[in-house]
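Student: pasting the sequence and the predicted model now:
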Amino acid sequence: MKAIRTLLRTARTVGDSVRSIAAPGALVRALAVRPDRERIVPGPIVDEPPTTEEVVAAIEEHEKAREQYNAGGRGKRTARKILDRTRTGEYGIWSVTWIQSSRRDWDRDAIAAVFAELGREIPTKPSAPTLKLTRAEQVTELRAA
């Protein structure tokens, strides 16, 4: 069953790629209007949901903060290209120190090997729903295309 799903997914991807060569916008529309790939859930159930105005204001604030966050991330990635090659020491008014973390991560390869040896699948559970914000005009345009 898993092999059939993989084969169907590959066929869809190849078909999307071929269509995108003929019409570049077709791939974007094909991927955006596929509700079977996303499982939409109703979201949290609360006693007093926010008003439309509160939601719009929150989305606009969220988008502004996201843009600032992304710009900060780009700046940090640029700086890390140099800092990741820097040894512990003094640099002008800055001190660079590398400290071994005491945090422990699970050895996923070893866990997978143990479950495979036992002939069992690794147990999983669904993750929390993801918040997705899209301008209503864009959704209407995509569905119309």
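Tutor: It's in. Numbering: from 1, shown residues only.
Student: pass me the low-pLDDT residue ranges in this protein, would you?
Tutor: Applying pLDDT under 70 to the chain picks out residues 1-36, 138-145.
Student: the helix with the most length in it packs against which elements?
Tutor: Here the longest helix in the chain is taken by residue count, with DSSP state H as the criterion, and it is helix 52-83. Identification of packing neighbours for helix 52-83 by 3 or more CB pairs under 8 Å, 6 or more residues apart in numbering; DSSP states H and E yields no helix or strand. For glycine as for every other residue, the C-beta is placed from the backbone atoms N, C-alpha and C.
Student: state the phi and psi torsions of the residue lying closest to Pro129 once chain neighbours are set aside.
Tutor: The spatially closest residue to Pro129, leaving aside those adjacent along the chain, is Val41, at 5.2 Å (CB to CB, 6 or more residues apart in numbering). Here the main-chain torsion angles of Val41 (degrees, to the nearest 10) amount to phi -120, psi 160.
Student: pull up the pairing partners for the helix or strand immediately after the longest helix of the chain in the chain, direction included.
Tutor: Taking DSSP states H and E as the definition, the helix or strand that follows helix 52-83 towards the C-terminus is strand 89-91. Strand pairing for strand 89-91, using DSSP bridges, gives strand 94-96 (antiparallel).
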